[in-house]
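> Just to be clear, the model below is a prediction. Sequence and coordinates:
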Amino acid sequence: MTVQLKTNDLSAFFMPFSANRQFKKAPRLLASAKDMHYYTQDGRKVLDGTSGLWCVNAGHCRPRIVEAIQKQAAELDFAGTFQMGHPKAFEAASRLVNIAPKGFDHVFFTNSGSESVDTALKIAIAYHRAKGNGTKVRLIGRERGYHGVNFGGTAVGGIGNNRKQFGALVSGVDHLRHTHDLARNAFSKGEPEHGAELADDLERLVALHDASTIAAVIVEPVACSTGVLIPPKGYLKRLAAIAARHDILLIFDEVITGYGRLGTPFGTDFFDVSPDIITTAKGVTNGTIPMGAVFLKSRIFEAFMTGPESAIDIFHGYTYSGHPMAAAACLATLDTYHEELLLTRAAKLAPYWEERVHALRDLPHVIDVRNIGLIGAVEFASKPDAPGERAYNRFIKCFEKGLLVRQTGDIIALSPPLIITEQQIDELFDTFTSVLKDGDL
Ligand SMILES: Cc1ncc(COP(=O)(O)O)c(C=O)c1O
């Protein structure tokens, strides 16, 4: 029987990563947005402290991007890229390569971070096969890592709640330990001092499985969705060296750290470590039209170009890989980033940002604050009987006071659009501090 729902009934939408019943009793609905702000359905102005979901790096409804999407929708709504093409997909790929870290000369388009990750994992396995190393099929992730929600990404991901509902996932996956160590590193500014040796976990897994069975290791340069875990000094370099030694491809999942979040175009630039594959999404179109971009070094790409010219090089792709609207949005986004120097702006704001983040350290229940680039996080002591409640209550109170923050467990993450001014940073932290002062929340 079909149920007739009222237009505004909230029940039909099965909301992702949400407490559906709780939300629908007291919905938080955003109606419009401009630059640094959202406007709620009831007309309240909310400062965006999270760039939407870590994606709106240039701020909301930027005219150049809006116009490009509108124009593209009227000109060429859809064209596929399987044995066909349209100019903007190629232009977008070339422009992306121009801002990518050195050596990344090729781009595979997807529609999301999750698809970028699964694409990268498949490419890693197929690469080794093409090189005659067909036994290199295992995938290594890291505890507390987040790599989206498709099967591969969920399997290499290391967040228990994201995995437990979904069975055995993908076989042949193992995990490095995570690097979060409050006992040694609490209240670190930027990269923490202790923990580079945790990269040696990869050697442990090589000893266990043998390098001849391992295709790739995937990590986020900064693990953001799990609550902002910043890599210890030297950790990523050490991991890269071990991976290279064993011909294990290193994949940096830069779905969040890509496009200026750390004050360099990519996290790869920030940490001065060169992986083999970089996955991105989100900021590639400033969050407007779904798109992901997987960057490949030439040697990976070339491994697929060795068969007959008439043969399909990779049996992988999405109907919407390089979609015209996404390509147009990407080009206009890159123009905006370029004109406003946004890919490096976070570096200028970072010292002031750091000062304001660390001023939160003595507020009630705070057990850690940490920062890197234009990212900050506050971790609260969990209530023994209600983990997550402290951060959730503070997230709700912030929203009521006109500030959007991102809660995960008992951690609140801050990551505003890169256009934020110092005055708006003050506004953000003044509101946040006033909420955190209430220890009873
Ligand atoms: C590092 C990382 N990888 C993958 C994803 C998944 O991206 P999407 O939600 O676009 O599928 C995210 C999303 O936050 C992410 O942070």
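Good, I have the coordinates.
> which of the residues in the helix or strand hosting Ala155 are buried?
Using DSSP states H and E, Ala155 sits within helix 151-156. Within helix 151-156, the residues that qualify as buried are Gly152, Gly153, Thr154, Ala155, Val156, counting by 16 or more other C-beta atoms under 10 Å. C-betas here are computed from N, CA, C, even on glycine.
> could those residues go into TSV alongside distance to the ligand and pLDDT?
Shown next, in TSV, are the buried residues of helix 151-156 (distance: C-beta to the nearest ligand atom, whole Å; pLDDT from 0 to 100):
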residue	distance to the ligand	pLDDT
Gly152	11	98
Gly153	6	98
Thr154	10	98
Ala155	13	98
Val156	10	98
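> As TSV, these with distance to Pro417 would be great.
Converted to TSV, the buried residues of helix 151-156 look like this (distance: C-beta to C-beta, whole Å):
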residue	distance to Pro417
Gly152	30
Gly153	26
Thr154	29
Ala155	32
Val156	29
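> From those residues, pick the one nearest Phe432.
In terms of C-beta to C-beta, no member of the buried residues of helix 151-156 lies closer to Phe432 than Gly153, at 30.9 Å.
> returning to that earlier point: give me the helices and strands touching the helix holding Ala155, please.
Judged by 3 or more C-beta pairs under 8 Å, 6 or more residues apart in numbering; DSSP states H and E, helix 151-156 is in contact with helix 113-130, strand 138-142, helix 160-163, strand 173-176.
> Get me the contact residues on the chain for the ligand.
Counting by C-beta under 6 Å from any ligand atom, the positions of the chain adjacent to the ligand are 54, 112-114, 117, 146-148, 220, 224-225, 253, 255-256, 281.
> Narrow the residues you listed to those in helices?
Trp54, Gly113, Ser114, Val117 (DSSP state H).
> And those, which two are furthest apart?
Top of the distance list for these (C-beta to C-beta): Trp54 and Val117, 15.0 Å.
> Next up, the contacts around Leu208.
With contacts defined as C-beta atoms under 8 Å, 6 or more residues apart in numbering, Leu208 is in contact with Asp174.
> got the contact list for the residue of the stretch 51-200 of the chain found nearest the ligand?
Among all residues of the stretch 51-200 of the chain, Gly113 sits closest to the ligand, at 2.2 Å; criterion: C-beta to the nearest ligand atom. Applying C-beta under 8 Å, 6+ apart, we find Gly113 in contact with His147, Gly148, Asp253, Val255, Thr279, Thr280, Ala281, Lys282, Gly292.
> again, 7 Å this time
Gly148, Val255, Thr279, Ala281, Lys282, Gly292 (C-beta atoms under 7 Å, 6 or more residues apart in numbering).
> most surrounded residue in these?
Thr279 (31 neighbours; other C-beta atoms under 10 Å).
> What count of nearby residues applies to the nearest residue to that residue once chain neighbours are set aside?
Closest residue to Thr279 apart from its sequence neighbours, by C-beta to C-beta, 6 or more residues apart in numbering: Ser116 at 3.9 Å. A count of nearby residues for Ser116, using other C-beta under 10 Å, gives 34.
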